[in-house]
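A.B. asks: model the following, please.
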Amino acid sequence: MGIRGTTWTRAGLAAGALVLTALVTETASGGTGTVSGSELKRDAEAVHATGATGVIAAAEDEEGRNARARAGVADLDDDAPVPHDAYYRVGSDTKTFTAVVALQLVAEGRLGLDDTVERWLPGLVRGNGNDGARITLDNLLRQTSGLPDYTEVLFADPGELTPDAYLESRFAERSDQELVALALTEPPRWLPDADDPAGETRWGYSNTNYLLAGLIIEAATGNSWEREIHERVIEPLGLDHTLTPGTSAYVPHPTAAGYTRFPGREELTETTLAVGGGPDGGIISTTADMNTFLRALMDGTLLEPEQLAEMKRTVPAEEFGGPGTGYGLGIAWAPRCGGDEGLWFHGGTSFGTISEGAVTDDGSAAASAAVFTMSLDERQTEQDTATRALIDHALCE
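C.D. replies: Next up is the predicted model:
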């Protein structure tokens, strides 16, 4: 029962009121140009104070200046601090990697943003009013397809979100095709060529979109989406601590235990182990590697100018990141630095771990954080607010 990048966790569910004694350390080398080590440490402590068991954060700029901080413990049964270089599941931040590969294939003429799902995956998206012939690759990457989200079907039964259900299914394997089929048991929210009369494109987050994008990458290349991400992104950028786990339920060491507070419960359940390695939310990485990736994306290292501009063309998606937020191709923008200035970001969630990060428009600076606690109720909001404040302070001040 792995949450492979769900929108309801990304939007902020809850972190609870467990307050631990802070064990905070940080290192810095001249700051990031926008943040000092002491400021990042302060903000990591603020996230920890919301009830997070462990937090790590890192920021860097083009001059090689960096700051990092940590707060809390790696395991509630031990008092060891969270490792600065801890591996963690990045959840839906995986979508940005997947979008990059798709856009590289567009630049090579092997895919087109106007290609339909039916062209590449004939017969896969049909039934209950869903129609792959009316959905394009652009719709998938920009989250404008109207397709149902398989996670909403998977966890529609409250009995699926309990500690016992987690323990029972944490090693269960489901193929991407199986999860797409699960989503298609529901009707579409809308059909993408039937937008409202005002001419505004409808937007709605669905993890199913990125399962299909991964399958299209595989159909176009003859290779797994994992291999394409490795050879096109991970290896060229030297992301030595970024990987796709496949069907493994484990996170490499060093890491920290992830904890989840299930609905209607006060106690935390350790949820470190879970299978869930799809193109919508399967990557494992570190804060340093995520910063390298985000900066390489925005400075033009990974994409040609035409494809990067297309990635940055957004549609309104305020429910994703608040007022003024727009969603592009696997990445979002929001006016998080005041005025017309803003940051590019995504974020992701898996059981027990929340990934947050952002990058400036030119890629000159990036900041990333991992929080090893989540709550499936309204208390997540305080933790999410503090984590995003950490990112904003690192990049905006």
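
A.B. asks: so for the residue nearest to Gly146 when sequence neighbours are not counted, what's the pLDDT?
C.D. replies: Closest residue in space to Gly146, ignoring its immediate chain neighbours: Trp190 at 4.0 Å, by C-beta to C-beta, 6 or more residues apart in numbering. Bear in mind the C-beta positions are built from the backbone N, C-alpha and C, glycine included. Looking at Trp190, its pLDDT is 96.

A.B. asks: also the one 4 residues further on?
C.D. replies: At Ala194, the pLDDT value in this model is 62.

A.B. asks: cool, Asn130 as well?
C.D. replies: At Asn130, the model reports a pLDDT of 98.

A.B. asks: circling back to that earlier point, assign the residue nearest to Gly146 to helix, strand or coil.
C.D. replies: At Trp190 the chain is in coil, as set by DSSP: H, G, I helix; E, B strand; the rest coil.

A.B. asks: ok, Ala288 touching Ala59?
C.D. replies: No: using C-beta atoms under 8 Å as the test, Ala288 is too far from Ala59 to be in contact (10.3 Å).

A.B. asks: list the contacts for Pro163?
C.D. replies: Phe262, Arg265, Thr269 (C-beta atoms under 8 Å, 6 or more residues apart in numbering).

A.B. asks: what sits in contact with each of Ala288 and Ala59?
C.D. replies: Common neighbours of Ala288 and Ala59 (C-beta under 8 Å, 6+ apart) are Ser368.

A.B. asks: what about stretch 254-273, how long is it end to end?
C.D. replies: Start-to-end span of stretch 254-273 (C-alpha to C-alpha, to the nearest Å) is 14 Å.

A.B. asks: going by neighbour count, which residues in it are buried?
C.D. replies: 255-262, 265, 268-273 (16 or more other C-beta atoms under 10 Å).

A.B. asks: out of those residues, who's nearest Met374?
C.D. replies: Using C-beta to C-beta, Thr260 comes nearest to Met374 of the buried residues of stretch 254-273, at 5.6 Å.

A.B. asks: which SSE is the nearest residue to Asp299 once chain neighbours are set aside in?
C.D. replies: Spatial nearest neighbour of Asp299, excluding adjacent residues (C-beta to C-beta, 6+ apart): Gly363 at 3.3 Å. In this structure, Gly363 sits in neither a helix nor a strand according to DSSP states H and E.

A.B. asks: taking the buried residues of stretch 254-273, tell me the two that lie furthest apart.
C.D. replies: Comparing every pair within the buried residues of stretch 254-273 by C-beta to C-beta identifies Thr255 and Arg265 as the most remote, at 24.0 Å.
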